[in-house]
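Q: Have a look; sequence and predicted model below, questions after that.
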Amino acid sequence: MDGVVDHLADERNKAQFDVEEMKIVWAGSRHVFELSDRIARLVASDPVFRKDNRATLSRKDLFKNTLRKAAHAWKRIIELRLSEEEASKLRFYVDEAAFTDLHWGMFVPAIKGQATEEQQQKWLPLAYKMQIIGCYAQTELGHGSNVQGLETTATFDPQTDEFDIHSPTLTSSKWWPGGLGKVSTHAVVYARLITDGQEHGVHGFIVQLRSLDDHLPLPGITIGDIGMKFGNGAYNTMDNGVTRNGKCVRSNVPRQLIYGTMVFVRQTIVSDASCALSRAVCIATRYSAVRRQFGSQNGGVETQVIDYKTQQNRLFPLLAAAYAFRFVGEWLKWLYTDVTQRLQANDFSTLPEAHACTAGLKSLTTTFTADAIEECRKLCGGHGYLCSSGLPELFAVYVPACTYEGDNVVLLLQVARFLMKTVSQLGSEKKPVGTTAYMGRVEHLMQCRCSVQKAEDWLNPNTILEAFEARTARMSVAVAQKLAQFANPEEGFLELSPNLVEASVAHCQLIVVSKFIEKLQQDIPGKGVKELLGMLCNIYALNILHKHLGDFLSTGSITPKQGSLANDQLRSLYSQVRPNAIALVDAFNYTDHYLGSVLGRYDGNVYPKLYEEAWKDPLNDSVVPDGYHEYIRPLLKNQLRNARL
Ligand SMILES: CC/C=C\C/C=C\C/C=C\C/C=C\CC/C=C/C(=O)SCCNC(=O)CCNC(=O)[C@H](O)C(C)(C)COP(=O)(O)OP(=O)(O)OC[C@H]1O[C@@H](n2cnc3c(N)ncnc32)[C@H](O)[C@@H]1OP(=O)(O)O
Ligand SMILES: Cc1cc2nc3c(=O)[nH]c(=O)nc-3n(C[C@H](O)[C@H](O)[C@H](O)COP(=O)(O)OP(=O)(O)OC[C@H]3O[C@@H](n4cnc5c(N)ncnc54)[C@H](O)[C@@H]3O)c2cc1C
């Protein structure tokens, strides 16, 4: 900030905690913080990674620009001999959806998780050096959620020792895979395995799609892009593809491992939610401190909009959620690592819980984040609607996360199956463990009474936890009892699916709250850091309680009076967080390049920069617009009307 006026300096001076230490907590460790900081600055200072022109480029130019950036990123990774961790951070800060996301995020993990040793030795070195580019081709035109309904077949031909991959119908065309449309040379294709005329369910196969010499599709394969997607710029940097038919290599893995890639990617999506959410919150918080409306006395300064309680009530729960998702993401990473180690030792016992947690938390965090980005846009008033605020593009890129890698409702129904199974086993030998351990105390949770008598009582983590546990246990048991009344359980499951989804949401919210509380039990250094995190944890929990008051009241987990006290406590927490708001978003340590927002600039110098940015629009290249002579001038001169007379 040398030589630059910091319009937010007063705000930064108000902070009551050690921001530098909070940056370490947010990053996860000092090592990750230093590495991220170095790579973020490297990307920000490289003109090839400029991204402020995305909204005005045509699709073709946008796509070519993405190819250029991806090639440049790879060049820098090689030149600087970046480690895998550094390279992945570099792609993160380049911040442009591209085929490389799928290559590194799904193709490589699918081979690592599903291929045999021999296959890995063949394919991984090629993929690591980007001598082949891969994608993940599961979804078809006719089926996405219903993986077992995929129509593509892989028929083994013992004569040639090959699998014949066939898409027999239009609906069996692979449709959506990122990177498939224009770039990928290879794909992990999911198809129904057929040997000796017998079907063996859906398996993954590595298929070469394009020639490595001239990039043309191999014989029998038709490939293209599926067309423009939501939002200008945004996810249109990605080629999502359609393809039909093909020959392929082979695969032979246990069925459960086929699901492993989805568990892995869902886990990364939860961490990614905290990034997208924190980014939107950073923009809205800084702008809310800069923006002033009303309240001036005798010509004095007007009120910063961040000081309005309604603004705080909308903004601070989102800030709290960004931290909450960060910590639950950390925990989920640990869970995934643990389950992977067990799977390698042929222990599949924790896979159902890992599946339920990744599916449920992916659903919860992406739904919340997509809604929150839109809320942040509204929190920035009219200027939030400008592309230069960064929020429209962030929303357009982010919102498909509610659909890809599993539709969020379909995923919650998976959690519901897991929950109902857990409830049905209560009282048996099989004790609930991990995230469902609380169900082991179901008798207590069904009849316990919340002890809150005054607002401050809601600051006790055990009180919060018990209220959340009671709500979830009671909702789960109630829906399980209703299910038991159906002669056909599958019919009951369909009929009661809205209630089941609500119980799943409650369970996932409980996980997030409990992992935040667990985080606070760790040793967290730095003046005031733990205190601020404690406030955010309480805001996250009490805001959910307020928003889902109906659940808490109808299950009798709290009384109306206690609900009202929770709300009083929330308001008091907002006042305590307010002086720390700017420092709390500074702790994300985002560069202005990564934020990509005039409203969220670190220095808060919003108005001159908004003005400057507006002049850069191609529409302002000429003072008199194209089309004036054809369409405006005749109108003004009434020439058309005169001609008719
Ligand atoms: C810009 C990018 C930003 C961020 C991302 C960051 C990093 C990530 C990198 C790249 C991502 C980039 C872009 C996104 C790309 C998107 C890719 C995709 O979308 S790929 C396609 C994903 N498709 C799906 O997710 C399909 C959803 N459907 C399913 O998962 C399943 O089919 C479903 C669970 C719905 C199946 O239901 P059902 O028919 O009941 O089950 P089935 O018979 O198949 O199985 C029964 C049995 O298995 C259990 N099970 C199901 N799934 C899993 C699993 N994943 N793991 C473990 N176990 C599983 C199920 O519970 C059941 O068990 P029981 O018999 O009840 O014990
Ligand atoms: C940007 C983007 C990138 C993608 N990238 C890839 C990729 O790289 N590779 C790939 O293979 N796929 C990819 N996909 C596809 C994606 O995984 C699927 O779109 C997703 O799994 C949802 O499936 P669907 O489209 O079949 O939705 P549908 O299942 O058709 O959903 C339609 C509606 O039906 C509801 N519904 C469906 N089933 C049920 C049920 N059992 N009970 C209640 N409601 C139900 C859903 O909630 C939803 O409201 C991508 C999609 C997008 C948008």
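A: Received it, and whenever you're ready, just let me know what you need. Ligands and ions are numbered 1, 2, ... in the order given.

Q: Where does the prediction get shaky in the stretch 151-300 of the chain?
A: Scanning the stretch 151-300 of the chain for pLDDT under 70 picks out 233, 245-256.

Q: Which positions in it make contact with ligand 2?
A: With the criterion set to Cβ under 6 Å from any ligand atom, the stretch 151-300 of the chain comes near ligand 2 through 176-178, 235, 240. C-beta coordinates here come from the backbone N, C-alpha and C atoms, glycine included.

Q: how about these, which pair is most distant?
A: Pro177 and Tyr235 (13.5 Å; Cβ to Cβ).

Q: Looking at those two, which one has more neighbours?
A: More crowded of Pro177 and Tyr235, by other Cβ atoms under 10 Å: Pro177, with 27 against 20.

Q: Adding secondary structure, write the residues of the stretch 151-300 of the chain next to ligand 2 out as CSV.
A: As requested, these are exported to CSV (DSSP: H, G, I helix; E, B strand; the rest coil):
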residue, secondary structure
Trp176, strand
Pro177, strand
Gly178, strand
Tyr235, helix
Asn240, strand
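
Q: Go ahead and flag the most central residue of the protein.
A: Ala273 (3.4 Å; Cα atoms, centre = their mean).

Q: before we move on, which element is it in?
A: Using DSSP states H and E, Ala273 maps to helix 260-290.

Q: same deal with Arg326?
A: Per DSSP H and E: Arg326 is located in helix 309-344.

Q: What are the boundaries of the strands in this protein?
A: 134-137, 153-157, 162-166, 174-178, 186-195, 198-208, 222-225, 240-244, 246-248 (DSSP state E).

Q: just checking, Pro579 touches Asn13?
A: No - taking contacts as Cβ atoms under 8 Å, Pro579 lies outside contact range of Asn13: 9.3 Å.

Q: about what we covered before: contacting residues for the residue nearest to the centre of the chain?
A: 325, 329, 365-366, 368-369, 401 (Cβ atoms under 8 Å, 6 or more residues apart in numbering).

Q: and if you look at Leu335?
A: 267, 353-354, 357.

Q: what's the most distant pair in those residues?
A: Farthest pair in the contacts of Leu335 (Cβ to Cβ) is Gln267 and Glu353. Separation: 12.8 Å.

Q: more crowded one of those two?
A: Gln267 (23 against 18).

Q: isn't that one right up against Leu332?
A: Yes - Gln267 lies in contact with Leu332 (Cβ under 8 Å); the separation is 5.0 Å.

Q: Quick check: neighbours shared by these two?
A: Thr358.

Q: on that earlier part again, please see if the helix holding Arg326 touches ligand 1.
A: No - using Cβ under 6 Å from any ligand atom, we find that helix 309-344 stays clear of ligand 1, coming within 9.2 Å at best.

Q: any idea how far Glu34 is from the residue in the chain that ligand 1 sits nearest to?
A: Residue nearest to ligand 1 within the chain: Gly105 (2.5 Å; Cβ to the nearest ligand atom). Using Cβ to Cβ, to the nearest Å, Gly105 is found at 24 Å from Glu34.

Q: who has more neighbours, those two?
A: Ranked by neighbour count (other Cβ under 10 Å), Gly105 and Glu34 place Gly105 first, with 21 against 12.

Q: Now do the contacts for that one.
A: 265, 268.

Q: ditto for Pro560
A: The contact partners of Pro560, taken as Cβ under 8 Å, 6+ apart, are Leu553.

Q: Kindly recompute the last result at 10 Å.
A: 549, 552-553 (Cβ atoms under 10 Å, 6 or more residues apart in numbering).

Q: pLDDT below threshold where in the protein?
A: 1-3, 233, 245-256, 639-645.

Q: What parts of it come near ligand 2?
A: Where the chain comes near ligand 2, counting by Cβ under 6 Å from any ligand atom, the residues are 102, 136-139, 143-145, 176-178, 235, 240, 400, 403-407, 409-410, 413.

Q: Which positions in the stretch 351-500 of the chain make contact with ligand 1?
A: Contacts of the stretch 351-500 of the chain with ligand 1, taken as Cβ under 6 Å from any ligand atom, map to 351-352, 355, 404-406, 410, 414, 417.

Q: With the stretch 1-150 of the chain instead?
A: Counting by Cβ under 6 Å from any ligand atom, the stretch 1-150 of the chain sits next to ligand 1 at 97, 101-102, 105-106, 136, 138-139, 144-145, 147-148.

Q: try 5 Å this time
A: 97, 101, 105, 138, 145, 147-148 (Cβ under 5 Å from any ligand atom).

Q: Where neighbours are concerned, which of those has the most?
A: Gln138 (26 neighbours).

Q: For it, which non-adjacent residue is spatially closest?
A: Among residues not flanking Gln138 along the chain, Tyr190 sits closest, at 4.3 Å (Cβ to Cβ, 6 or more residues apart in numbering).

Q: I'd assumed Cys135 was in contact with that neighbour.
A: No - with contacts defined as Cβ atoms under 10 Å, Tyr190 does not count as touching Cys135, sitting 11.7 Å away.

Q: Give the bridge partners for the closest residue to His200 other than its chain neighbours, please.
A: In space, and not counting its chain neighbours, His200 is closest to Leu193: 4.3 Å by Cβ to Cβ, 6+ apart. For Leu193, the beta-bridge partners are Ala154 (DSSP bridges).

Q: Hmm, Leu193 is touching Leu150, no?
A: No - with contact defined as Cβ under 10 Å, Leu193 does not count as touching Leu150 (11.1 Å).

Q: tell me, what's touching these two both at once?
A: Residues touching both Leu193 and Leu150 (Cβ under 10 Å, 6+ apart) are 201-202.

Q: Can you say which two of the residues of the stretch 351-500 of the chain next to ligand 1 are spatially most distant?
A: Pro352 and Tyr404 (22.7 Å).

Q: before we move on, the earlier item: tell me which of the strands of the chain approaches Leu426 most closely.
A: strand 198-208 (31.8 Å).
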